Each structure stands twice: as C-alpha cells, then as structure tokens.
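Q: Can you look at this prediction? I've put the sequence above it.
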Amino acid sequence: MSLLLSPFYSDFESEEEAESYDRWFRAKVQASIDDPRPSIPHDQVMAEMRALIELKLNKLSAG
C-alpha cells in the first residue's frame, strides 16, 4: 500500500476509488461554479442553520 493510500492518510482503499472520488468531487465543484444562481453569503447560511438547529433542539426538549 502506498503512503498516499495508507489508512493514516486516506479513507480510500484503492487508487481507483480515490481517483473516482476526485473526478466526482471536481465535477460537483465545477457544477457549482457554473451555476447561474446568485451566491448566498456564508454568514447568512450560518445564521439560517443556527436558527434551524435551535428550532430542532427546542422541539426535542419540549416533547
């Protein structure tokens, strides 16, 4: 096993699996870059997620 794919450095069991994931990941990134919709600012996303988490936690503690 190469150093690159050892369990210490990689979650992939083979070079083929790593390359397949790399192709998939790059396609997802490119699709996001090519998406014509406007970007959402990081702070806005984080605020919305904090509110959603808080809502879920409140529902759990209430019921």
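A: Nice, I can see it.

Q: can you pull out the strands in this protein?
A: With DSSP state E as the definition, the chain shows no strands.

Q: low pLDDT regions in it?
A: 1-9 (pLDDT under 70).

Q: in it, which residue is closest to the centre?
A: residue 25 (9.8 Å; Cα atoms, centre = their mean).

Q: And it, how far from residue 40?
A: Taking Cβ to Cβ, to the nearest Å as the measure, residue 25 falls 21 Å from residue 40. In short, each C-beta sits where N, CA and C put it, glycine included.

Q: Alpha carbons of stretch 18-38, as CSV, please.
A: Written as CSV, here are the backbone C-alpha positions of stretch 18-38 (Å, rounded to 0.1, in the frame of the first residue of the first chain):
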residue,chain,number,x,y,z
ALA,A,18,-9.6,7.8,-4.8
GLU,A,19,-9.5,8.8,-8.5
SER,A,20,-13.2,8.1,-8.9
TYR,A,21,-14.0,10.3,-5.9
ASP,A,22,-11.6,13.0,-7.2
ARG,A,23,-13.5,13.0,-10.5
TRP,A,24,-16.9,13.2,-8.8
PHE,A,25,-15.7,16.0,-6.5
ARG,A,26,-14.2,18.1,-9.3
ALA,A,27,-17.5,17.7,-11.3
LYS,A,28,-19.5,18.9,-8.3
VAL,A,29,-17.2,21.9,-7.8
GLN,A,30,-17.4,22.8,-11.5
ALA,A,31,-21.2,22.5,-11.5
SER,A,32,-21.3,24.9,-8.5
ILE,A,33,-19.0,27.3,-10.3
ASP,A,34,-21.2,27.1,-13.4
ASP,A,35,-24.5,27.5,-11.5
PRO,A,36,-26.0,30.9,-12.6
ARG,A,37,-28.0,31.4,-9.4
PRO,A,38,-26.7,34.1,-7.0
